[in-house]
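[1] got a predicted structure here, sequence first:
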Amino acid sequence: MKFPSRQEDYLQIDAKTMVASLKKISDLYCYWYGQKIDLETYLKKIEADFYFKYKAQAVGEKVTQKDIEYSIKTDPEYIAAKVKLDEADKNYIKYKTDFNNKNTEISLMQSELKRELIMQRSN
């Protein structure tokens, strides 16, 4: 088995590419966070609107709070909004993880480069 030389990839860092990559991931991370927040707000508004709608329809009838909640959760408009929110949440988590991983990768490369430079100076 052949081991890699001491001249590792971190000595060949292209800072502009690395920063551009981190910026792209950061932009997607921020975009999906904004989408997530907007959709959470929209879903709460829909839920409130439907609550009053179903409660007004139930005047004079014996309808429980659970019945109203069930009607809201099974409404096609609510379900569509919930699916969009779930998709935004999934993408937000994905890009948050990608951002943190890329940030860690850059930090590790910087640490290795610093260590290598210190070793070269001491020789």
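    Alright, I've got the coordinates. Numbers count the residues shown, from 1 in each chain.
[2] list the contacts of L22.
    F99, K102, N103, I106 (C-beta atoms under 8 Å, 6 or more residues apart in numbering). In short, each C-beta sits where N, CA and C put it, glycine included.
[3] isn't the second one right up against S21?
    In this case it means K102. Yes. Between K102 and S21 there is a contact under C-beta atoms under 8 Å: 6.4 Å.
[4] now do the shared contacts for these two.
    What both K102 and S21 touch, as defined by C-beta under 8 Å, 6+ apart, is an empty set.
[5] now I106: how far from N91?
    Distance of I106 to N91, computed by C-beta to C-beta, to the nearest Å: 22 Å.
[6] same check on M18?
    23 Å.
[7] tell me where the model's unsure across the protein.
    Within the chain, the segments meeting pLDDT under 70 span 1-13.
[8] where along it do the helices fall?
    Assignment of helices within the chain using DSSP state H yields the ranges 15-57, 65-73, 76-122.
[9] quick revisit: can you select the buried ones among the contacts of L22 for me in ChimeraX?
    In ChimeraX, a selection of the buried entries from the contacts of L22 looks like this (16 or more other C-beta atoms under 10 Å):
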select :99,102,106
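[10] return the member of the contacts of L22 nearest to K84.
    The shortest approach to K84 among the contacts of L22 belongs to F99, at 22.1 Å (C-beta to C-beta).
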